[in-house]
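Colleague: sequence and computational prediction follow.
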Amino acid sequence: MRAPLAFAALMGIGGAVLFWIFAPHGHLLAAAFLGATEMLIICTRDSPPDFIAKWKRGGDGERQTGKALARLERDGWKSFHHRKARYGDLDHVAVGPGGVYLLDSKNLHGTLTLEPEGLTASYGEWPGDSYSFSRLGATLKREAKNLRFRISDATGVVVFVQSVVVVWGEFLPREVEQDGVIYVRGDHLADWLVARPSRLAASEVQRIQAGLEAEIIVGPAPPLLGTSG
């Protein structure tokens, strides 16, 4: 947004100068024009386009999930974030005594429900005021299967990778399963993972965690456009 806002500021200054020089009572019109330009810039800056707002919400959700997973380190869990997938990226991979989990974070507005077509966000009473992530579950299961094969090839450990959608927002159930994918409310994630029964020996957990740390199982995803580092 910096370039458009800078251009608007220059146009505002230029217009104010023209009013000052050529218009009757130019100093008053120039001041009013500058004030209107300033208000426009402030409103635009504080209300970015929807696609930018969605990126910010998504990033906030991933950070919240990362904080929840970090609390589990004392229980033998380690989490890895923003790893490369066949298409896009893997938000989080959590590995601990309770197994391996591939997690996708969703930070959504509206009322969130799990419908037959998938996780659905409703913003109003009309059918058009809702959106369903109809392909989310299938995509996540496919990536979990690919991750399972990568873990087996790199470490020799054969393990099932559970697909999980971490939901931040007005989602009523603490956890619910649909078509093999578990949807967990974000504020319940840490407790839910700690409560998982042990599925891996300590040596297997260490081998998988070491493989992810060394990036021999799956490497980091490329940075998002417009970011660095």
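Modeller: Yes, it's here. In this text, all values refer to a predicted model and were calculated from it rather than measured experimentally.

Colleague: show me where the protein has helices.
Modeller: Under the criterion DSSP state H, the chain contains helices at 2-22, 26-46, 50-70, 136-155, 189-194, 202-213.

Colleague: which residue of this structure lies farthest from its centroid?
Modeller: Distance from the centre of the chain peaks at residue 24, with 53.8 Å (Cα atoms, centre = their mean).

Colleague: partner strands of the longest strand belonging to the chain and their direction?
Modeller: For the chain, the strand with the greatest residue count under DSSP state E is strand 99-115. Paired neighbours of strand 99-115 in the sheet (DSSP bridges): strand 89-96 (antiparallel), strand 118-122 (antiparallel), strand 161-171 (parallel).

Colleague: off-centre distance for that strand?
Modeller: 10 Å (Cα atoms, centre = their mean, to the nearest Å).

Colleague: buried ones in that strand, by neighbour count?
Modeller: By neighbour count on 16 or more other Cβ atoms under 10 Å, the buried set for strand 99-115 is 99, 100, 101, 102, 103, 104, 105, 106, 107, 108, 112, 114. (Each C-beta comes from the backbone N, C-alpha and C, glycine too.)

Colleague: can you tell me the average pLDDT over that strand?
Modeller: Computed over strand 99-115, the mean pLDDT rounds to 93.

Colleague: now render the helices of the chain as TSV, adding mean neighbour count.
Modeller: Formatted as TSV, the helices of the chain follow (neighbours: other Cβ atoms under 10 Å):
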stretch	mean neighbour count
helix 2-22	13
helix 26-46	14
helix 50-70	16
helix 136-155	17
helix 189-194	20
helix 202-213	18
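
Colleague: how about the ones you listed in JSON lines, adding distance to residue 219 and mean pLDDT?
Modeller: As requested, the helices of the chain are exported to JSON lines (distance: least, Cβ to Cβ, whole Å; pLDDT from 0 to 100):
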{"stretch": "helix 2-22", "distance to residue 219": "32", "mean pLDDT": "75"}
{"stretch": "helix 26-46", "distance to residue 219": "36", "mean pLDDT": "73"}
{"stretch": "helix 50-70", "distance to residue 219": "18", "mean pLDDT": "75"}
{"stretch": "helix 136-155", "distance to residue 219": "10", "mean pLDDT": "96"}
{"stretch": "helix 189-194", "distance to residue 219": "24", "mean pLDDT": "96"}
{"stretch": "helix 202-213", "distance to residue 219": "10", "mean pLDDT": "97"}
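
Colleague: ok, which of those helices comes nearest residue 76?
Modeller: Among these, the nearest to residue 76 by Cβ to Cβ is helix 202-213 (6.7 Å).

Colleague: and that closest one, what does it pack against?
Modeller: Contact partners of helix 202-213 among helices and strands, from 3 or more Cβ pairs under 8 Å, 6 or more residues apart in numbering; DSSP states H and E: strand 78-84, strand 89-96, helix 136-155.
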